[in-house]
Each structure stands twice: as C-alpha cells, then as structure tokens.
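> Take this sequence and fold it.
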Amino acid sequence: MTPALVQSSSLPYRDGGTRGVRLVKPEIGPVIAFALELLRPYWRRLLVATAIGCLNSFAAVSLLSIIDRELRSGTAASLGALGAFAGFFVVMLVSEIASGAETGYVGQEIVASLRKGMTKKILMAPIPEIEQVQSHRILTALQQDVGNLSGFSRALTYFVVAVCEVAGCAIYLLYLSAPMFLASAAVWAGFYLLTRHVLKGAYATLADERAGYDELQKHYGALINGAKELKISRERRERFYRGELTSTIDRLRDAINKSATLFLAASALDNASFFVLAGALLALAPHLGAGVATLSGFVLTLLFMRTPVSMVVLSLPEFSRVAVSFEKVHALSERFASLENDLLAESRGAKAEFRRLELRGAQYVFPHASGAAPFTLGPIDLVLEKGEILFVTGENGSGKTTLVKLILGLYPLREGEIRLNDEIVTDANRDDYRQNFSAIFFDFYLFDDLIVADEAASEAVRRYLERLNIAHKVTVEAGRLSTLELSTGQRKRLALIATYLEERPIVVFDEWAAEQDPTFRRIFYTEILQELKRQGKTLIVVSHDDRYFHAADRVLHFRDGKASPS
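Numbering: from 1, shown residues only. This next block holds a predicted model:
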C-alpha cells in the first residue's frame, strides 16, 4: 500500500509553536492504533464471530471428509453417513449466516461510530483548521472514505468465513499427506509472490485514485457554485470543462482502470494457480508416496478451496482502499483535534450579565503561505461597554473579519488576552464566552429551524417577518421556516430574526447591509441598530457605509491589520 500524503496545518498557538505546512508520510503505527481503537468496543462480538467462523470451517472440512471417504469406499452411503452429512451441512449453513451477521453488525457499528466521531471532530475543530482544509476534502473523507469503510465492513463478513475455511482445509490437507501439503505450499508460495508483485503495482494506483476523487469533488463544487460565472464566460467554461473537469475525470478513469486491470490479473493468477497446483501434484504424487485416494482427496479439497481463496484475494482491493481511507480519516481526525472537547456537554446554566469586553494586546497571525509574508492582525487594544455601537471599517483584506472572528473566540490568540467582565478567556471557558454573541457573518449559513420553537417564539417570528417585509414569502411551520429560497438580502433578514430570538448581549453584523436595498439599508442603520442599543445590546458592525457612520458611538478603521480610531 502506498501511504497517502497528508498536508498539515501551520496554525500558531499561544505557546508560540506552529504546525508547519509540509507533506508528511503517515506512520502505519498510529493508523493501526486508530483502527484497533475502533474495534476495541466490539472485541467480544468479533471473537464470537471468529469462533463461529471456525465452526463453519470444521463443518465444511467434515463434509469434505465424508464425501472423500464415501467416494473411496465404492459402496452406497450408509444412513449414518447421510445423517452426519446432513448434520454438518446444517451446521455449516447456520454458522456461515451467524458469522456473517455478527461481523456485519460489528462492521456497521464501527462505521456508524466513525461517522459520529468524525462529525463530532469537525463540530469541535478549530475554525482555522476547517478553513484551511478545503471543504471538498472534508466531504470526500465523510463520503468516499467512510463509504469505503462501510464496504469493508460488508467484505469482512465474507472474509472471516473464507479465511476460516481456507485454514480448515489446509489443516485437512496436512492430515492427508504432509509431503503433498508441503509441495502444494511451495507451488502456492511461488504464485503468491508473483501475484504479490502484480498487486504491488495495483496498490500504488490507489493513492492516485483517492487523490482523483478529491480533485473531482472540488470540480463538482465549482460546477454548482460557479454555474453563473461559467454561463457568462465562454473562455472560462471551455477551460474549466475541457482543461480541468474532463481531464480529472479521465485521470481518475485511467487510475481506476489500471488498478482494476492489475487486480484482475492478480485474480487470474490466483485462479490459474489451482490448475498449476493440480498438475504439479499429479506429477509429484508418485515421488511423494501419495496414492490415488490421497491424490483425489487433495484435488477435491483444492477444488472446494477455490471459492474461499478467491474471496480472500478479491477482498484485497477493498482492504487496500480501506487502508488508504483509514489513513485519510485518521489524518483528518488528528488534524481536527481540539483543546475544546466539551462542546456537546450539558449547558452550564445562566450566564452572568454582560458589562464589559476588553482586548489587551490581542494579535493573530495567519498561517504562512508559500512565497508571501504572513498576515498579522494587531496588536489590538479595545474596550467595549454594554449598549455601545462600534463600527469597524477598512479596505478588503485589512483585517476586519479577522478581528470579528478573534472577538468571537473563533480564532486563537497568538499574543495578548481577551477579558469578559474582567475574567480572562481561556480554553476552559471559551465556549461559555462565545455564548454571549449572536453573529451574522458575511458568508453566513442559514438554518431553517428555530432554536426556540415554542408558540410565543413562532408568533414573534411572524411579527418580525411582517416588519422585514418577507412574510409574503416565508412562513413558520412547526418551528421551521417554510423556505430559504430567497435572495441573499432576504436571507440575511431571516438571519436577523434568529439573532432576535437568541437574545444574546453582543451582536455582530459583518457587512449585513451590503445586499440590502436602500430602504432596508437605511432602516438597518437608523432604526434596527438603535432599537437594539436601547435594549442594552452591544453591537459590532462591519461596514463600508460611511454615510451612516454617525449611527455609531465609535468607528474603528483598519489598514494592513492595524487599527486606528476614525
């Protein structure tokens, strides 16, 4: 298996350390430990499934022994032999189903656990890490890689039974004739080495195949999200379709075809090995003291082994893809490790009343990009009092949104500190700190459900919908908004309703008015902000609308990551 290359982050931490951007080869040890950790809760059931698989193997070998003995006897089978045959047949059938059901259950439990664990990791991951790992890579891990693991769980059902059957048959062959068994093992070992050489090339293509899925997911995102831009630009459309999308599809096709061909060649060699082995045994039997009866027993057993051995060999491609997927999932899981591991813990109760927010020497440094100096925000010294309106302005890329994410506790401080009501914000209380904020980001995501879904809240939403002039398009049904198929400006009005319902003491608006028509832009600055201020809310407003700067108590201007009052 060719280990995948994983790009790590270069997120700065309070202790001054970094995770440098580099390509690293994942060590197999941690990946195996990760897989064993997934299996650990189910070891008893796996042990039971293995025991049942061994019982299946014993029953299958017993059936072969009865058939071989009765064929050599030259007489009609006795009632005792037929009864034993029927009994072992039932045991083989039931044990195969039971073993498959047990391993299938464990496999799906592992996949469900992995899905829950990965989504929980993403939920708790530091925002800079999520922003650096492109969304298509995360989606590929959740869909393609976890899907591969799901396929692995199904293949494991048959693999366990097949391995047990092969082991049981090998023991029976050793019982029939040790010299013949050793000769068979020698011939098989030669074919195995040849097959392994073919498989080595197949494994090498799996990492290329996985990288192709990553790239294809990225292009699919561009195909959907960039549909308007592609429609109006013939040059970009042509370059994207022929130069990027189709070429990636072709590379992925070639990688899949190459690996499939090599795996088929390995399977063909495996099938051919039985006939070569049979021919070798025919030639060697007289020299190894094996009679016709022993030879017929060997051939009969080998014919039975063809199916389970082929099952084992054909499982190798699936297991190889699983190994690559395990590496990807493990690397992503490690990368999304967070110091905040209690974000799904029970609520800690009522928050203290907000009085004052203070930044002292707050600084954030973006991860270093190749060929460019890292962008540094700060150091920032800022005090916000209850009921104050602060406007943050500046050119694009000057640090406005970075400041917002720093204040919200979404970005870690490189230097300095944040205090809420004179209490320092730390890793231990950061999530409690964040619960003081409502925010509408420039690239916001709008959920269709209301956090507070009682009848009083629904009635309040209806009033807000009327006031924001979207009641004719959106209604509230069972605590959910009937539609989100609206313009960006209208969707931002819905997001504003969510901030009303949350009733947090600090509200952040990142370019909220940018997509509003002139009427609602005026209403926002001259009415909505002032009403929130009268309610005692502290407001942080990122804005370029200098005609409304008079609505703020203070205006903070940013340039190249540095702040100055306007």
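> Could you tell me how many residues sit around Arg419?
Neighbour count for Arg419, taken as other CB atoms under 10 Å: 15. C-beta coordinates here come from the backbone N, C-alpha and C atoms, glycine included.
> Next up, identify which helix or strand it is on.
Secondary structure here is read from DSSP states H and E; on that basis Arg419 sits in strand 415-420.
> buried set for that strand?
For strand 415-420, a neighbour-count test (16 or more other CB atoms under 10 Å) marks 415-416, 418, 420 as buried.
> Turn the residues you listed into JSON lines, columns for distance to Gln363.
Formatted as JSON lines, the buried residues of strand 415-420 follow (distance: CB to CB, whole Å):
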{"residue": "Glu415", "distance to Gln363": "4"}
{"residue": "Gly416", "distance to Gln363": "5"}
{"residue": "Ile418", "distance to Gln363": "11"}
{"residue": "Leu420", "distance to Gln363": "18"}
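> Most widely separated two among these?
Greatest spacing in these, by CB to CB: Glu415 and Leu420 (18.3 Å).
> dump the residue contacts of the residue nearest to the spatial centre of the chain.
Centre of the chain computed as the mean C-alpha position; nearest residue by CA atoms, centre = their mean is Leu142, 3.1 Å away. By CB atoms under 8 Å, 6 or more residues apart in numbering, the contact set of Leu142 is 115, 118-119.
> For those, which entry has the maximal number of neighbours?
Neighbour counts for those (other CB under 10 Å) peak at Met118, which has 19 neighbours.
> surely it meets Leu332?
Yes: at 7.3 Å, Met118 and Leu332 qualify as touching, with contact defined as CB atoms under 8 Å.
> list residues touching both of those two?
Common neighbours of Met118 and Leu332, using CB under 8 Å, 6+ apart, are Ala141.
> low-scoring stretches of the stretch 401-550 of the chain, by residue?
Under the criterion of pLDDT under 70, the regions of the stretch 401-550 of the chain flagged as low confidence span 451-457.
> hang on, the earlier thing: quick one: contacts of the strand holding Arg419?
Residues outside strand 415-420 that contact it (CB under 8 Å, 6+ apart) are 354, 356-363, 378-380, 406-407, 409, 424-425, 433, 436.
> List only buried entries from these.
Buried among the contacts of strand 415-420 (16+ other CB under 10 Å): 354, 357-360, 362-363, 378-380, 406-407, 409, 425, 433, 436.
> So which of those belong to helices?
Using DSSP state H, the subset of the buried ones among the contacts of strand 415-420 located in helices is 406-407, 433.
> Report how many residues lie close to Ala227.
There are 9 residues near Ala227, going by other CB under 10 Å.
> Next: Lys400.
Lys400 has 23 neighbours, counted by other CB under 10 Å.
> got it, and Gly83?
Gly83: 10 surrounding residues under other CB under 10 Å.
> So Trp162 sits against Met311, correct?
In this structure residue 162 is Ala, not Trp. Yes: taking CB under 8 Å as the contact criterion, Ala162 and Met311 are neighbours in contact, 4.0 Å apart.
> With neighbour numbers in mind, choose between the two.
Legend: neighbour count by other CB under 10 Å for Ala162 and Met311, higher for Ala162 (24 against 17).
> Identify the residues contacting that one.
Applying CB under 8 Å, 6+ apart to Ala162 gives the contacts 307-309, 311-312, 315.
> What strand or helix carries it?
With secondary structure defined by DSSP H and E, Ala162 is part of helix 146-176.
> Return the list of helices and strands in contact with the next helix or strand after that helix.
Sequence-wise, the next helix or strand downstream of helix 146-176 (DSSP H and E) is helix 178-225. Packed against helix 178-225, as judged by 3 or more CB pairs under 8 Å, 6 or more residues apart in numbering; DSSP states H and E, are the following elements: helix 135-140, helix 146-176, helix 246-284, helix 292-335.
> Of all these, which one comes closest to Ser543?
Smallest distance to Ser543 across the helices and strands packed on helix 178-225 (CB to CB): 27.7 Å, for helix 135-140.
> Any chance you could give me that closest one in CSV, C-alpha atoms only?
Presented in CSV, the C-alpha positions along helix 135-140 are these (Å, rounded to 0.1, in the frame of the first residue of the first chain):
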residue,chain,number,x,y,z
SER,A,135,-14.5,21.7,2.1
HIS,A,136,-14.2,19.2,-0.8
ARG,A,137,-11.5,17.3,1.1
ILE,A,138,-13.7,17.1,4.2
LEU,A,139,-16.7,15.9,2.1
THR,A,140,-14.6,13.3,0.3
